[in-house]
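> next input, structure requested:
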Amino acid sequence: MTVNEPGSDPRAEERHSDESALTHAQPASAPAATATNVRPAPPLRAAGGVTLADQPARLVGAVSRWVRSLGVTPAEEISPHDPPAGAIAPAPAAYRFDGITVLSALSGLVGTLLIAASAPVWRLAAPSWRLAIPGVPHPGSSFVAASFFTAGLVLLGFGWVGIIGRAERLPGSDRRKWATVLAVGFLWTLPVLLGPPLLSNDVYSYAAQGEMASRGFDPTAVGPVVLGRGDMLRAVDPTWRTAPAPYGPVWIGLSEAVVDLSGHSPAGAVWMFRGIAVIGVLLAGIGIVQIARWYGVSDTVALAVGLANPLVIIYLIGGSHNDALMMGFLCLGVAAALRDRRSLAVVLLALATAVKLPAAAGLVFVGWHFAGVGATYKQRAISIAKVMGGAAAIIVGFSIITGTGIGWITALSNTGKVMDTFSLMTMLGYFATDFAELLVITQNPELLVAPVRMLGMAISGTVATLLLLRSDRVGLSRALGLSMLVVMLLSPVVWPWYLPAGFALVAAGGLGRYRPSYLVVCVAATALVWPTSVDPIYVLQEYQRILSFGVIVLISVCAFAAQKWAVWREARRLANRRDLLARCEQVAVA
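Numbering: from 1, shown residues only. All right, here's what the predicted structure looks like:
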């Protein structure tokens, strides 16, 4: 059964028909393109097949094609259709080496090398081995660390866009295409695996919470401060030393197991948490492939877009965040729900929720989906209640096994005390308060922050509800992914590692004509957090809120501009194809 991509661009079929017409509208006198008409490959002139004089030209040609591919990629859609027969001629054997793929892979590798090698280590962390490159300081000054991070992110972004453009054009079977994308993704991940925790200190809190559980404390009820002096507590960010864990019983149980297996070593536990993040990303990859196949989307492109992106590599794997495991269970749960494997879907989504609470949105959307198309609201509500009840029973069971209470549900509100994030609603709240101070209405610097944050939550809740109501038409995966992104982006606190799960579900369901905006937002969100544990730039601290709001506006403008540019480029390309088709028809008539 073929399922067309929901919300896809209606011009996609027109482009495919143009391509088929171009293929068959050849002059009557033209001979068929058979093997006898193809010019034979030139004889080997050296052991490598080419002379040294040919190498510069081939390299320049590969670089030129790679750069052109970076410009064309955003305008193209993830097509659920196969290319027309004969539209793409097989390359001669001498040219099967894909220079664009190699250049993209090398660009991303150099980028992650620069990021991992220049990343500073948390100043309170226990000493541990790390990746280092001669000539790259670690840590350097604020300017040096920011420069290397920026250069690395730009190279990784170029490599990522390049590999997306090549994903559908790679030669060989689907298995070979997956292998290529996964190999490139692993190549980019390798330096990150060998570097220190990137851009976040949360992994040290995970280790402390596991130590608490191993000593009989409930991490969801008290903070790591109960551990007393020691390496575990010292490595925890002072902001979170008194805060209970906002994570579910599955994650608390895993944290305890990691600490026990590491011999209660903070450094050893950090490396093992990174291994769990890798497992979570691999599970998400399996789910992405299954979802993409269900919707008729290119699974190779879905992997490249949803899994091999900078957010996943730098934050989920580099930062060892438990969001990776949540994303893995969530994607698998949605894939199972689409195939009507209801019990498995509920179990997987319950596991995701028992890692981190935002995954509970998946339970609501899947419960709505299980009622079937055309079901009444009452039937939908009953279906959601059944799914939520089954998941709650599973989570309670894990809570009893791990000895955790329900404090992790309310502890999520503790993250709201962080004000210095790129949250649009938080920045708007501060601006509203500053304006009120100018009018001498108030002297409280945070008077309107909380109301504006609540407004953002109300808006995101309304959008999520509308997506739920239209999920039958939009598609379960895309509706859930978009709702998670909207809720996260309008929440009181926004961190980049909150976003990959939503991006992965949207990519698996098909981006359609919105790929340009996706690429821009994904790369830009990766740059929201800069290397920590270096001296701050004090001159800019006074203007941090204005700069943060400016960055948000800049990202929005760039995403809008990329979308418009892609539409213009697509229209121009279609016009050129129609002109070529008209010329071919004239030649055929003549």
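> number of nearby residues for Leu357?
The tally of other residues near Leu357 (other Cβ atoms under 10 Å) stands at 17. For every residue, glycine as well, the C-beta is placed using N, CA and C.
> dump the residue contacts of it.
246, 248, 408-409, 412 (Cβ atoms under 8 Å, 6 or more residues apart in numbering).
> return the helix or strand in the chain with minimum mean pLDDT.
Ranked by mean pLDDT, DSSP states H and E, the weakest helix or strand in the chain is helix 11-24, scoring a mean of 42.
> how far does stretch 462-477 sit from the chain's center?
How far stretch 462-477 lies from its chain's middle: 21 Å, per Cα atoms, centre = their mean, to the nearest Å.
> got the contact list for it?
Against stretch 462-477 from outside (Cβ under 8 Å, 6+ apart): 5-7, 291, 295, 334, 337-338, 361, 364-366, 368-369, 373, 479-480, 482-483, 486-487, 505-506, 508-510.
> looking at the residues you listed, which are in helices?
Counting by DSSP state H, the contacts of stretch 462-477 place 291, 334, 337-338, 361, 364-366, 368-369, 479-480, 482-483, 486-487, 505-506, 508-509 in helices.
> among those, name the buried ones.
Buried by 16 or more other Cβ atoms under 10 Å: 291, 334, 337-338, 361, 364-366, 368-369, 479-480, 482-483, 486-487, 505-506, 508-509, out of the ones in helices among the contacts of stretch 462-477.
> before we move on, back to that, report the two of the contacts of Leu357 separated the most.
Spanning the widest gap among the contacts of Leu357 are Gly248 and Leu412, at 10.4 Å by Cβ to Cβ.
> who has more neighbours, these two?
A side-by-side neighbour count of Gly248 and Leu412, using other Cβ under 10 Å, places Gly248 first with 29 against 16.
> wait, that one touches Ala352, no?
No - judged on Cβ atoms under 8 Å, Gly248 makes no contact with Ala352 at a distance of 9.0 Å.
> residue nearest the middle of the protein, spatially speaking?
Residue closest to the mean C-alpha point of the chain, counted by Cα atoms, centre = their mean, is Pro500 at 3.5 Å.
> which residues touch that one?
309, 311-312, 315-316, 323-324, 327.
> quick check: buried residues in whichever strand or helix holds Ala381?
Assigned by DSSP states H and E, Ala381 belongs to helix 377-402. Of the residues in helix 377-402, 380, 383-384, 387-388, 390-391, 394-395, 398-399, 402 count as buried by neighbour count, 16+ other Cβ under 10 Å.
> and stretch 333-343, by the same measure?
Within stretch 333-343, the residues scored as buried using 16+ other Cβ under 10 Å are 333-338, 342.
> could I get the average pLDDT for that stretch?
In this model, stretch 333-343 has a mean pLDDT of 95.
> what's the span of that stretch from first residue to last?
Start and end residues of stretch 333-343 are separated by 10 Å (Cα to Cα, to the nearest Å).
> which residues touch that stretch?
Applying Cβ under 8 Å, 6+ apart, the external contacts of stretch 333-343 come out as 286-287, 290-291, 294, 344-349, 351-352, 362, 366, 369-370, 476-477, 480, 505, 508.
> just the buried residues out of those, in ChimeraX syntax.
To isolate the buried ones among the contacts of stretch 333-343 in ChimeraX, judged by 16+ other Cβ under 10 Å, type:
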select :287,290,291,294,345,346,347,348,349,351,352,362,366,369,370,476,477,480,505,508
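> quick revisit: and of the contacts of Pro500, the nearest to Arg577?
Distance to Arg577, by Cβ to Cβ, is smallest for Asn309 among the contacts of Pro500, at 30.4 Å.
> and that closest one, how close does it get to Trp497?
Separation of Asn309 from Trp497 (Cβ to Cβ, to the nearest Å): 12 Å.
> where in the protein is pLDDT low?
The chain contains residues with pLDDT under 70 at 1-97, 129, 139-141, 413-422, 440-443, 445, 532-545, 548, 590.
> alpha carbons only: can I get stretch 280-290 in CSV?
Coordinates of each C-alpha in stretch 280-290 appear next as CSV, following Å, rounded to 0.1, in the frame of the first residue of the first chain:
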residue,chain,number,x,y,z
GLY,A,280,19.1,6.0,22.3
VAL,A,281,20.1,7.6,19.0
LEU,A,282,20.4,4.2,17.3
LEU,A,283,16.9,3.3,18.6
ALA,A,284,15.6,6.5,17.2
GLY,A,285,17.2,5.7,13.8
ILE,A,286,15.2,2.4,13.7
GLY,A,287,12.0,4.2,14.5
ILE,A,288,12.7,7.0,11.9
VAL,A,289,13.2,4.4,9.1
GLN,A,290,10.0,2.6,10.0
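> name the residues of it that come out as buried.
Quick answer for stretch 280-290 (16+ other Cβ under 10 Å): 280-281, 283-285, 287-290.
> what's the answer for stretch 157-169, then?
Within stretch 157-169, the residues that count as buried by 16+ other Cβ under 10 Å are 157-168.
> off-centre distance for it?
Computed by Cα atoms, centre = their mean, the chain-centroid distance of stretch 157-169 equals 15 Å.
> same thing with stretch 310-319?
9 Å.
> try stretch 497-509
The answer for stretch 497-509 is 5 Å, by Cα atoms, centre = their mean.
> please apply the same query to stretch 571-585.
On Cα atoms, centre = their mean, the centre of stretch 571-585 falls 36 Å from the chain's centre.
> can you dump the C-alpha atoms of it in PDB for me?
Only the C-alpha atoms of stretch 571-585 are listed here, as PDB (Å, rounded to 0.1, in the frame of the first residue of the first chain):
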ATOM      1  CA  ALA A 571      10.000  28.100  -9.900                       C
ATOM      2  CA  ARG A 572      13.000  29.100 -12.000                       C
ATOM      3  CA  ARG A 573      14.100  25.500 -12.300                       C
ATOM      4  CA  LEU A 574      10.600  24.400 -13.400                       C
ATOM      5  CA  ALA A 575      10.600  27.200 -16.000                       C
ATOM      6  CA  ASN A 576      13.900  26.100 -17.400                       C
ATOM      7  CA  ARG A 577      12.700  22.500 -17.700                       C
ATOM      8  CA  ARG A 578       9.600  23.600 -19.500                       C
ATOM      9  CA  ASP A 579      11.600  25.700 -21.900                       C
ATOM     10  CA  LEU A 580      13.900  22.700 -22.600                       C
ATOM     11  CA  LEU A 581      10.800  20.500 -23.100                       C
ATOM     12  CA  ALA A 582       9.400  22.900 -25.600                       C
ATOM     13  CA  ARG A 583      12.600  23.000 -27.500                       C
ATOM     14  CA  CYS A 584      12.800  19.200 -27.600                       C
ATOM     15  CA  GLU A 585       9.200  19.100 -29.000                       C
END
